[in-house]
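any chance you can model this:
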Amino acid sequence: MSRPKAGLSLMNTPDFAAAAKSLFEAGMVDALEWSFEIGWSERNPLPPWTESLLDFFSSEDALYGHGVSGSLLSATWTPRQEAWLQRVAEDIQRWPCRGVSEHFGYMAAEGWEAGPPLPVPFVEPALQAGRRGLRRLREVAGAQVGLENLALAMGLRDVWDQGPFLEALLSEVDGYLVLDLHNLWCQVVNYGVSFLELLDTYPTRRVRVIHVSGGSWATAAGGRWRRDTHDGEVPAPVMALLPMALQRCRRTEVVILERLGGTIRTQHEAERFQQDYAAIWEMVNG
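Presented below is the predicted three-dimensional model:
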């Protein structure tokens, strides 16, 4: 197998552009991941530099599409989701992608249009709903489709069920896994489980994309909980998981650094963003 590429989750904000500029100029960005919904805001149309990057990386077969609000495991398939699929199809027609992924879990239900992705119990109706959603996504994608593992769990059963659940979903469409290391680390620290034991429950042979990101801490029920908020630097323990993940996930194509636009507020944060990416670059090129 060839070495994985290193890439960025593309944001269309000035802080991201300023922080990532030197990385692009140095030729260090091999691929991009594009979250479709970023480009759908009428109030914030895409700047020309964003469109130019999407044009270039799509033409180089180095663009990965990623959905945020598809809610593929919602119990009822709704007109809102059909409209979402149509928007995705329009974006893919303009910017063809190597793969198109969404999040495990659901974030919309009857009377509730959007929220954070929530876990789903590993039961037959949920499995069938997820398979239906993946089939619909595959119909419009024109590429292989995948799912990203979820950080949030309601208990240990959710933690240990997610890997087998993802395999049962993805096997239906021969899909791929987006393995988010920070999401796994959230479960490791929140529930006191072993990273390697947890990773071994996941379909590592299906991993094509690895996400590396930061997050934040919250206090709830008298305890300290790690949250996958993508608004901070990559914690050292998460970066240390990458070599172990690459060792087990032999089909990985790209490692993506994620950080939300608007969260790189100072020169120090910009430098840390660049350092995080350089660390990933060195690992995949070492």
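
alpha carbons of stretch 151-164, as CSV, please.
The C-alpha trace of stretch 151-164 is given here as CSV (Å, rounded to 0.1, in the frame of the first residue of the first chain):
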residue,chain,number,x,y,z
ALA,A,151,-18.0,10.7,20.3
LEU,A,152,-21.1,10.8,22.3
ALA,A,153,-22.3,7.7,24.1
MET,A,154,-25.1,7.3,26.7
GLY,A,155,-23.3,4.5,28.5
LEU,A,156,-20.9,1.6,28.1
ARG,A,157,-23.2,-0.4,25.9
ASP,A,158,-23.1,2.4,23.3
VAL,A,159,-19.3,2.5,23.6
TRP,A,160,-18.9,-1.2,22.9
ASP,A,161,-21.7,-1.5,20.4
GLN,A,162,-20.7,1.2,18.0
GLY,A,163,-17.9,-0.6,16.2
PRO,A,164,-20.1,-3.7,15.4
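
pretty sure residue 265 is touching residue 15, no?
Yes - if you go by Cβ atoms under 8 Å, residue 265 and residue 15 touch, sitting 6.8 Å apart. No exception for glycine: its C-beta is placed from N, CA and C like everyone else's.

looking at those two, which is more packed in?
residue 15 (19 against 10; other Cβ atoms under 10 Å).

and the closest residue to that one other than its chain neighbours, how many neighbours?
Excluding its sequence neighbours, the residue lying closest to residue 15 (Cβ to Cβ, 6 or more residues apart in numbering) is residue 264, at 4.2 Å. Neighbour count for residue 264, taken as other Cβ under 10 Å: 26.

tell me the spacing between residue 264 and residue 186.
According to Cβ to Cβ, to the nearest Å, residue 264 and residue 186 sit 22 Å apart.

before we move on, what about residue 127?
On the measure of Cβ to Cβ, residue 127 and residue 186 end up 24 Å apart.
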